[in-house]
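>>> build me a structure from this.
(one chain, ligands or ions: 1)
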Amino acid sequence: MKYISTRGDATPRGFCDILLEGLAPDGGLYLPASYPSIDDATLTRWRGLRYAELAFEILSLYIDDIPAADLRRLCEATYTERTFGSRQITPLKPLDEGVFLQALSNGPTLAFKDMAMQLLGNLFEYELDRRGQTLNILGATSGDTGSAAEYAMRGKKGVRVFMLSPHGRMSPFQQAQMFSLTDANIHNLCIEGVFDDCQDIVKAVSSDLDFKRRHRIGTVNSINWARLLAQVVYYFAGYLQATTNNAQKVSFAVPSGNFGNICAGHVARCMGLPIDRLVLATNENKVLDEFFRSGRYRVRASAETFETSSPSMDISKASNFERFVFDLLNRDAARTADLFGPQLAKQGGFTLTAAEFAPAAQFGFVSGSSTHADRVATIRDTWQRLGVMIDTHTADGLKVARQHLRPGVPMLVLETALPAKFADTIHEALGRAPERPAALQGIEQLPRRFTVLPVDAVAVKRYIETHLN
Ligand SMILES: *Cc1c(COP(=O)(O)O)cnc(C)c1O
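Next comes the predicted model:
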């Protein structure tokens, strides 16, 4: 399998060539040259597989530059009951008739990002060892991504993590989760500013190409194809649990931000997984809901981006969206490059023609959005009526899912985080504290390891240079 860029660079690259990279050199995102299709017999054969075996089968279709035995071992090491809390890894929980939660948040940081990041940690360690290289991951986080990356990379050979976060601004739980890691290769840098300051520093350091090359600086952001590929697996796992034969269809409802998660659903559907609808749910930051209603994509400025009670969906633009638009435009790279290059830069967005937008429905997409009041009501209803406690992001998904139910088609709502991470809104909705998994009881009392630095890229560079050994 070779990978190409959404903006036309067709230099054939293998999976391991793009594994450690971010954007393609032309500024586009990597996608496989084509999606392998799964026939009926294969899907039937996969019904009996454990999650790690299923992951190996799907990954093998996209990765031909890692020997099969090694890839199988990496999948087996990643998707264990010990790390993800159950034998099924992503079990279904029934809610109402025909509505299920698919649990994706029982990994180490209680959010679905662990599903992909844990695999990425093992792939990075494997590939760096094979090349005799090291990598220094530099990132900025306001919560979820940073902790998922740290828990995936902790103790990995050849990898160091330098994670910037706004000093004192993450939730107490998130701070405890990240700062209690004491592994020598994990560095928490608390910047005396806001999240945007952290991101600006990452940009400043990364645009110093000499520094970047000299110190092998890399990222683990959500545009990484390997992360997206890992997420394709749980769409198959969810489908196989919800059905008994391949004539049945299911729909998925996906709390969305950067369009990574639902893009994996799109890939699964393109491979032939019988998905009826992909229901995209947003919060008040409805850039994507607006697109799927109108064909118009308008990115927001930071000042126009709301801080909501489902913060991991508070996006101003969706960094993986270009992948879907490329497919929607029947892979017209010139048009994609024009839309996401000049048009986005000059006009802050674009509007597709009616003919360009029409296939969105054939790809199964529908959408909706919700408000803080909707989240609170949905959390309360789900707890009082069904005895199930859900988090704010999953509540966005469930609320929008209910608007798109069809008789006879199971609806799988992806549970993207556990309520333990969002105690304030749970208190507001239920008048009590959220449940917390036993392993995380008392993490606020653990010793913490972090360094406070000013809003200054030079200070961050100096820190990195003095902590490379
Ligand atoms: C990251 C995240 C999302 C958004 O996922 P995307 O892949 O960016 O669309 C939704 N919910 C939670 C809890 C997240 O951490």
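>>> partners of residue 100 in the sheet?
When assigned by DSSP bridges, residue 100 has beta-bridge partners residue 94, residue 412.
>>> my guess is it meets residue 251, correct?
No: under the criterion of C-beta atoms under 8 Å, residue 100 makes no contact with residue 251, lying 10.6 Å away. (C-beta placed from N, C-alpha, C; glycine too.)
>>> compare the two (neighbour count), which wins?
Legend: neighbour count by other C-beta atoms under 10 Å for residue 100 and residue 251, higher for residue 251 (24 against 21).
>>> got a list of contacts for the helix or strand hosting the more buried one?
Using DSSP states H and E, residue 251 falls within strand 250-255. With contacts defined as C-beta atoms under 8 Å, 6 or more residues apart in numbering, strand 250-255 is touched by 102, 235, 238-239, 242-243, 261-262, 265, 274-281, 310, 313, 393-394, 396-398, 400-401, 404, 406, 409-414, 416.
>>> what's near enough to touch the residue nearest to residue 241 when sequence neighbours are not counted?
Of all residues not flanking residue 241 in the chain, residue 92 sits nearest, at 5.0 Å (C-beta to C-beta, 6 or more residues apart in numbering). Contact analysis of residue 92 by C-beta under 8 Å, 6+ apart lists 100, 101, 102, 103, 238, 241, 242, 412.
>>> roughly how far does residue 92 sit from the ligand?
Between residue 92 and the ligand the computed distance is 18 Å (C-beta to the nearest ligand atom, to the nearest Å).
>>> how much space is there between that residue and residue 382?
Computed as C-beta to C-beta, to the nearest Å, the residue 92 to residue 382 distance reads 15 Å.
>>> about what we covered before: quick check: neighbours shared by residue 100 and residue 251?
With C-beta under 8 Å, 6+ apart, residue 100 and residue 251 have common neighbours 410, 411, 412.
>>> residues from the stretch 51-200 of the chain in reach of the ligand?
The stretch 51-200 of the chain comes close to the ligand at residues 111, 113, 144, as judged by C-beta under 6 Å from any ligand atom.
>>> residues contacting the second one?
The one in question is residue 113. 144, 145, 148.
>>> with respect to the ligand, which of these is nearest?
Minimum distance to the ligand across the contacts of residue 113 is 3.9 Å, recorded for residue 144 (C-beta to the nearest ligand atom).
>>> if I look at the closest one, how far off is residue 186?
Distance, residue 144 to residue 186, by C-beta to C-beta: 16 Å.
>>> just residue 246 next, same as before
Distance from residue 246 to residue 186, by C-beta to C-beta: 44 Å.
>>> who has more neighbours, those two?
More neighbours surround residue 186 than the other of residue 246 and residue 186, with 24 against 19 (other C-beta under 10 Å).
>>> measure the more buried one to the ligand for me?
Noted for residue 186: a distance of 19 Å to the ligand, by C-beta to the nearest ligand atom.
>>> residue 223 now?
10 Å.
>>> same question for stretch 367-387: list its buried residues.
By 16 or more other C-beta atoms under 10 Å, the buried positions in stretch 367-387 come out as 367-370, 372, 374-376, 378-380, 382-383.
>>> could you do stretch 286-303 as well?
By 16+ other C-beta under 10 Å, the buried positions in stretch 286-303 come out as 286, 287, 288, 289, 290, 291, 292, 295, 297, 298, 299, 300.
>>> that one: end-to-end distance?
Terminal residues of stretch 286-303 are spaced 15 Å apart (C-alpha to C-alpha, to the nearest Å).
>>> one more: stretch 437-452?
Start-to-end span of stretch 437-452 (C-alpha to C-alpha) is 30 Å.
>>> can you name the residues in contact with that stretch?
Residues contacting stretch 437-452 (C-beta under 8 Å, 6+ apart): 85, 106, 110, 167, 172-173, 175-182, 186-192, 418, 420, 463.
>>> centre of the chain to that stretch, how far?
24 Å (C-alpha atoms, centre = their mean, to the nearest Å).
>>> tell me the buried residues in that stretch?
Buried, per 16+ other C-beta under 10 Å, within stretch 437-452: 440, 443, 450.
>>> and stretch 49-65, by the same measure?
50-52, 54-63.
>>> same check on stretch 244-260?
Counting neighbours by 16+ other C-beta under 10 Å, one finds that the buried residues in stretch 244-260 are 246, 249-260.
>>> next one: stretch 130-145
Quick answer for stretch 130-145 (16+ other C-beta under 10 Å): 135, 136, 137, 138, 139, 140, 141, 142, 143, 144, 145.
>>> A helix includes the fourth one, no?
What that stands for is residue 138. No: Residue 138: not assigned to a helix; according to DSSP: H, G, I helix; E, B strand; the rest coil it is strand.
>>> residue contacts, it?
If you count contacts by C-beta under 8 Å, 6+ apart, residue 138 has them with 162, 164, 202, 205, 206, 217, 218, 219, 464.
>>> how many residues are close by residue 97?
Count around residue 97 with other C-beta under 10 Å applied: 7.
>>> typo on my end, it should be residue 82
Look at residue 82: counted by other C-beta under 10 Å, it has 5 neighbours.
>>> residue ranges with poor pLDDT in this protein?
Scanning the chain with the threshold set as pLDDT under 70 gives 469.
>>> just the closest of the buried residues of stretch 437-452 to the ligand, please.
In terms of C-beta to the nearest ligand atom, no member of those lies closer to the ligand than residue 440, at 15.9 Å.
>>> backbone dihedrals for the closest one, both of them.
Backbone geometry at residue 440, expressed as degrees, to the nearest 10, gives phi -110, psi 10.
>>> check residue 245 too.
Residue torsions, per degrees, to the nearest 10, at residue 245 are phi -150, psi 160.
>>> list the contacts of the closest residue to residue 281 other than its chain neighbours.
Closest residue in space to residue 281, ignoring its immediate chain neighbours: residue 400 at 3.7 Å, by C-beta to C-beta, 6+ apart. Shown in contact with residue 400 (C-beta under 8 Å, 6+ apart): 253, 279, 280, 281, 367, 368, 369, 370.
>>> please consider this matter closed, and thank you.
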